[in-house]
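# mind looking at a prediction? Sequence and model below.
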Amino acid sequence: MDVDQFFSYGPRAPFEVRNVFTDREAQIRDFRDRFARLTERSWTVDELLDFQRPASNIITLCGEGGIGKSTLARHVAGLAVGGELEGLPRHGAHAVLDFADPASSSFEAVLLRLRAALAPLARSWPAFDVALAVYWQRKHPGESLTAFLRKDNTADSLGVADQVGTAVDQLLGGFGALSVAYRALNLLGRTATQKARLKRLRADLPALDPILSEQDPDRMLGYMPVLLAADLERARRKRPALALCVLDTFENVQRLPAERGGLEDLVSRLVYLMPNVVFVAAGRLAVRWHEEAKAVALTYGGERRWPGLAGHDQLGLDGFDRASAEAYLTARLTVDGTPAIGPGIRERIVAGSGGSPLYLDLSAGLFGQYLARGEAPPAEAFGLGFPELVLRTMRDLSAPDRDLLRAAALLEAFDEDVLHAVLPQMRLRQIERFVQRPFVRQDETVWPPYRLHENLRRSVAECDADTDDGWTPAERAHNAERAIEHLARAALTVWDDDADHPVPLGVRSRRCVAAFLLVLHAAHEHRLTPRTLGDLAYSLTVLGHWQVLVSLPELPDSPELNRLTAVARLTARADVNAEDRYQALRELIGEPEGPYADYYRHELASRAHIIGKVEEAAAHLSGIEPASLIGASGRFGLADNALRRSDYRSVARLMDGASQAGLDQVRAADLLGHTHLHNARFAEAAQFFETTLDAAREANAPLWEARALRHLLLALMWYDPDRTMSLLGRARELNGSAGEPIGLAQCDMAEAMASALRGEHRAAAALLEAAARRFGELGASRELLPVEALQVLLDASGGRMAEATRTARSLTDDCLPVWAPVTRAWAGLDADFTAIAWLDDPDAARRRWSQALTRLRKRSCGPLDVGDHRALIPTGRVPDALVETAIRDALRSPAFDGPREPVDAVGTLGTDGVVSGERTVVKVRRRMHERLETVRNFDKLRATTGIKAPRLLDAGAAGEAWWAVLERLPGTPADHPTPARQRQLGRQLRQWHSQPPGDGLRLDDPGALGVLLGWARSTTPDTYPALAEHIAAACRGLPMTAIHGDVAVCHNTLFDGETLTGLLDPGATEAGPPMLDLAWALAVDMPRGAQPGPLIDGYGSDAVDHDALAALLPLMMLRRLIDAPSLGLADTDGAWLTRWLRDHHPDLLTLAQ
């Protein structure tokens, strides 16, 4: 006998219990033949990826409960992979997925169990395991995949953990700070071997790239079975193998709402995408995937894909025939090798069984109970109908065990604590013995771990009225309430703020889901409406288990429960317009009443807040019972309402009394984060959102984790664009998988602001437009941070004050109160900061918000100094005496390897202010606007970006003169701008422009434009103001970056043949619109044969602001034309420039004359 039977009957039982399998020989032969046909077939990658092919790899077993479907399916799978069926591969593995287990409602759990079961068939599963690592990092950021797989501590789980770790190590160089998704998609293995393996894997399996590229982990998961099939097929080519999967209690899947992405759709995908695995589905209902009506809800549905389900692939299962039932009872219990059950009683049992294996098993168990007590089993106790058999079994149990069986039958699953809660007078030792009885099924991998066969469970209730000590309907209802109340209490410990709680918060979060489903089903079964069900629904909402809520069943025969599940489904539908969702909720709920009124009011208030109906939200909140769980959390609703009224002191006061642990910590930190963000205290806001993020991860609250990360971006975007950009990918993944389209819009906003701070204004405008479009589609208004506020900021920073003013005025009536003074101040309008209850004082808040505009304006080109007639920044020559002093000082530098005699050095001094050595040069100040800091910044830029510039070796000052010793680069100046040279210059300028403006001279600084235009101020004084106005208009509002200011292929560059070896001598203007550099390079090079295309190709056409370049190019042509006579180029470059301007911009040509 097995362990359960040993502990049921005891060590002195006068009989033996044998596992018997009989009367299924025909079905086993049929299965064997089908398994053989399916395993003979091999699959190419092309065949695996043919998504129109017919599938024949599912066999269904249909029949009534207790007929032996599960037993047959599991038995034949064991025989097949155990080598006990002829003609099948000797190498095999099988999985059993029982959908009676609540954990199997998660497709992630289904797929992981299948992966674990198939693990022995191959040493590695590279495609699936790499995708699994990517999926896991997106779905469960911060949680180790291998650690999770090792939690079960079984050989299978440990083996899978090792296989996954090995695959990621071999292909991606292991789990690390760099996203495995990023490494997988960019072939960034850490060694050449890893890169080669990954490249080969992606080339061999075209399905891998789209799966890895999909940002939504739930969508990834639904198609990952094809990768498992491809890995399996790779192993089968080396060694034939049989892979089987039993889908047990499949009717539980079929009874869920039919929809794309639902569990039945995902399981049908699993079967279809793995044609090299044989699936055996055992359930009470026929599988309908081939029918047109059902196929609408399936990704792969219809008779063309499932031709066999219309006939031979669906096997009906009947009961045992008389001979087989007799054989079963003869062998089930034996005494010294002879049947324990005599012929007469066997005949009675067979006659009453109707061939039901469950009936035979229960009858044999009842017979064994008599023998274990030393009693002779009475014949009249056997051969009764099924309810009567259950009744007889119950009567045969002791009174305590009868009560325990009744208690166990109250719920679809239970544990010892549930039984004790229902029967508190019961000794724990009695409960321990009861759960070891043969009719109690046990699975320690799930919570709660025990359950009864569904037929037995329902029969207990049906026949209990006929027992002498049976429960009355009132007692049954009362005890069901006790069971429900216990489960609810266990689930609601998710709200406990004890840091030393014995059960981790993440585990409590998952148990909350299981408890909710069990309580819902029990309430429906026992016609109860427990108030705690509303608390559980509220808890799942706060925890973010939206996938559970959106899949809740319809319960039309329980009106109150049906309304509860309908409300929960609607609140979880993030794809529904927010305004429509609120109106639908109001129609569905009406006036909130009944046991779930508080839950309904909470959901109504939440939706009202989102669409800006703050007063209605406050009214909904005021109706919540203060003493309830939801009411106890009412301070958060009140704080949210205060936040939307811009009453920040009230938010801080309300949150001061909130718990700083568990879910309360998540919500409190989030509210305080928004409060500080609205007060322009961005770093403090970011700290609160970091706290929210950490607490959400600990609580296994995926929705809050997604929210916390995007809210963190909304704080960081104001001052740390680099970190904002680094977190965007993860934030989009989390919000996509959590079904939060508002979160995706907020990610667009954060990227827009970060892009603007980086000077990428075109990208910022496009992202802000995308965010506005998303918000419009969702019907979300009065957002905590409206997209229009950022639009005002970007317009004001770019000098578009008319647009900023118009938006700020229109925003006032349709935003939170705080944004009226903030946006009006940005737009230069009167702004009343005293109307807001700031955390500190109005003047401090005004200063902080004005700094946001100032910070952004630094990245945009402001008004240029077009009236600089006084030459604010002198550009004249440095006196020769000072130059000679600087040269003498430089010659003393040990870094210089050229002539040491001042006379010799001065004699070699060129017009560029350079004295050459063997491997170094000395550069000295020749003109008054030249700064030593420019040289130092040039060297920093070289080190940061890798541009080809000389290293700064030494430097010093001598009064108003200065000197620098620089590395002497190879190469010579170029006179001819070939396309190859232009492309290289374009690439160098792109690297240069990757840096933000530094502390050097900006083009919009006073006097800076005059420095840039150089000769024009003195050569054409009459037309200089007009030229300056044209350039100012072209530059106004353009993004600012570091610029060279004076470079072209034929100017300030060195080449070795076609290879660029150095950029030299940057201009004094260190920050300006990057297109200014491109326009100047073309103005210098085009007269000598250059075309714009190669320079733009090298720079990257996607990064070129073509409108700005088109506006600046003719102006730089004019500037070069003005300089040409002074450079001795009037008859060459000057003539070409004159013709070009005459042909393209004759109006500008007059400014040069």
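Okay, I see it.
# lowest-pLDDT helix or strand in this structure?
Of all regular secondary-structure elements in the chain, judged by mean pLDDT, DSSP states H and E, the least confident is helix 180-185 with a mean of 41.
# poorly predicted segments of the stretch 251-400 of the chain, please.
Regions of the stretch 251-400 of the chain meeting the criterion pLDDT under 70 cover residues 257, 317-319, 353-355, 384-389, 391-393, 395-396.
# which residue ranges form the strands in it?
Using DSSP state E, counting those that start in this stretch, the strands assigned to the stretch 251-400 of the chain run over residues 278-283, 314-316, 333-335, 338-339.
# keeping just the C-alphas, turn stretch 209-221 into PDB.
Provided in PDB are the C-alpha atoms of stretch 209-221 (Å, rounded to 0.1, in the frame of the first residue of the first chain):
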ATOM      1  CA  ASP A 209      13.500  38.000 -33.200                       C
ATOM      2  CA  PRO A 210       9.800  39.100 -33.200                       C
ATOM      3  CA  ILE A 211       9.300  37.400 -29.800                       C
ATOM      4  CA  LEU A 212      12.300  39.100 -28.300                       C
ATOM      5  CA  SER A 213      11.400  42.400 -29.800                       C
ATOM      6  CA  GLU A 214       7.800  42.300 -28.400                       C
ATOM      7  CA  GLN A 215       7.800  44.700 -25.400                       C
ATOM      8  CA  ASP A 216       4.700  43.300 -23.800                       C
ATOM      9  CA  PRO A 217       5.800  40.200 -21.900                       C
ATOM     10  CA  ASP A 218       2.300  38.700 -21.900                       C
ATOM     11  CA  ARG A 219       2.200  38.800 -25.600                       C
ATOM     12  CA  MET A 220       5.700  37.300 -25.700                       C
ATOM     13  CA  LEU A 221       4.600  34.400 -23.500                       C
END
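# for the record, mean pLDDT for it?
Along stretch 209-221, the predicted local confidence has a mean pLDDT of 83.
# check contacts around the closest residue to residue 98 other than its chain neighbours.
The shortest distance from residue 98 to any residue other than its chain neighbours is 4.3 Å, reached at residue 248 (Cβ to Cβ, 6 or more residues apart in numbering). Any C-beta I mention is one placed from the backbone N, CA and C, and that applies to glycine too. Under the criterion of Cβ atoms under 8 Å, 6 or more residues apart in numbering, the contact list for residue 248 reads 69, 70, 73, 74, 96, 97, 98, 99, 100, 282, 283.
# what's the closest of those residues to residue 983?
Checking those against residue 983 with Cβ to Cβ, the nearest one is residue 97 at 57.9 Å.
# for the helix or strand where the closest one lies, name the packing helices and strands.
With elements taken from DSSP states H and E, the one containing residue 97 is strand 92-98. With contacts defined as 3 or more Cβ pairs under 8 Å, 6 or more residues apart in numbering; DSSP states H and E, the secondary structure elements packing on strand 92-98 are helix 69-81, helix 107-118, strand 242-248.
# tell me which of those sits most buried.
When neighbours are counted by mean count of other Cβ atoms under 10 Å, the highest per-stretch mean among these falls to strand 242-248, a mean of 25.
# given that one, what are its sheet partners and their directions?
Strand 242-248 has the following strand partners under DSSP bridges: strand 92-98 (parallel), strand 278-283 (parallel).
# and it, average pLDDT?
Per-residue pLDDT values across strand 242-248 average out to 93.
# quick one: distance of that strand to the chain centre.
Relative to the chain's own centre, strand 242-248 is displaced by 31 Å; criterion: Cα atoms, centre = their mean, to the nearest Å.
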